[in-house]
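Participant: I need the structure of the sequence given here:
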Amino acid sequence: MVFSFCSRYFSISLLKLGVKTLPLKSIFHKAVYKAFKIRYRSVALDCRMYLAQILFESHLDPGEKILEVCHRHPFVMFNDLLHVLFFTFFVPLFLWYLFPGFAIFYYLWFAIGFMRLSYVLSNWYHDAILITNVSLIKATWHGVFDRTSTRLEYQMIEGLTYTIRGLRKTIFNYGDLEISRTGGGTAIALPDAANPQKVERLVLHYQEKFVSDQSLKDAESLKNLLAVMLRQHAKKHGAGLLKKNDE
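Facilitator: As a prediction, this is how the structure comes out:
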């Protein structure tokens, strides 16, 4: 109430002076909403990266940090999810309604369906390209005990290409992505990548950042090396050079 009165009084005062302004309450609400939205996105991103850091830990080197995770479009799971939901959930529910005397059998059916659903979701989630602070990693998941990964360093990236072909892929904005390696080595690819244009921008952004940071580190290392060499040279030949200059 106090804030509403003050904002109304302040707005009327400005209007009397000929200044056009929005009510402070409206400005305050917009500012709070914008700050909450930014904070929510930041917290959601931190949680998502924290989860990815745990689930993809086996593919990472010590000290390596995941910056972004690029998945296949969720639409590629549609057929499998529809199959799982219909045959392992809706069908047993319908049968349970008709024949309620087989509860244990239906519980077992639900458990198998849940395991199948977990497999479909895990297969989608773990088939991704990881953008880390040192390289790109193509992670592939074939099962709980069957995981593979291919690493591509930023300095070895030659180019990125993506293809969006077909009405469905154009509408839902997903396509095949391929990142080629310098020297014609094995490229890494992500079929049905979600928003491949965004993935391309992210890879190029972090590649440029890594190369820039690496150049600064190399320059600093070279500077320190030259300083050490000069100090060692001064210790060995400094007195002789000074004596020669005096003569």
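Participant: next up, the contacts around P92.
Facilitator: Residues near P92 by Cβ atoms under 8 Å, 6 or more residues apart in numbering: Y106, W109, F110, G113. C-beta coordinates here come from the backbone N, C-alpha and C atoms, glycine included.
Participant: so P74 touches W124, yeah?
Facilitator: Yes - taking contacts as Cβ atoms under 8 Å, P74 lies within contact range of W124: 7.0 Å.
Participant: neighbour count for the two, which is higher?
Facilitator: For P74 against W124, the residue with the higher neighbour count under other Cβ atoms under 10 Å is W124, and the figures read 19 against 15.
Participant: list the buried residues of stretch 146-165.
Facilitator: Going by neighbour count (16 or more other Cβ atoms under 10 Å), the buried part of stretch 146-165 is T150, L152, Y154, I157, L160, Y162.
Participant: again with stretch 196-214
Facilitator: Taking 16+ other Cβ under 10 Å as the neighbour-count basis, stretch 196-214 is seen to contain the buried residues P196, V199, E200, L202, V203, Y206, Q207, F210.
Participant: give me the most central residue, the protein.
Facilitator: Most central in the chain under Cα atoms, centre = their mean is E68, positioned 1.7 Å from the mean C-alpha point.
Participant: sorry, back to before: any of the contacts of P92 buried? List them.
Facilitator: Among the contacts of P92, those classed as buried by neighbour count (16+ other Cβ under 10 Å) are W109, G113.
Participant: lowest pLDDT pick from the contacts of P92?
Facilitator: Across the contacts of P92, the bottom pLDDT score, 84, is held by Y106.
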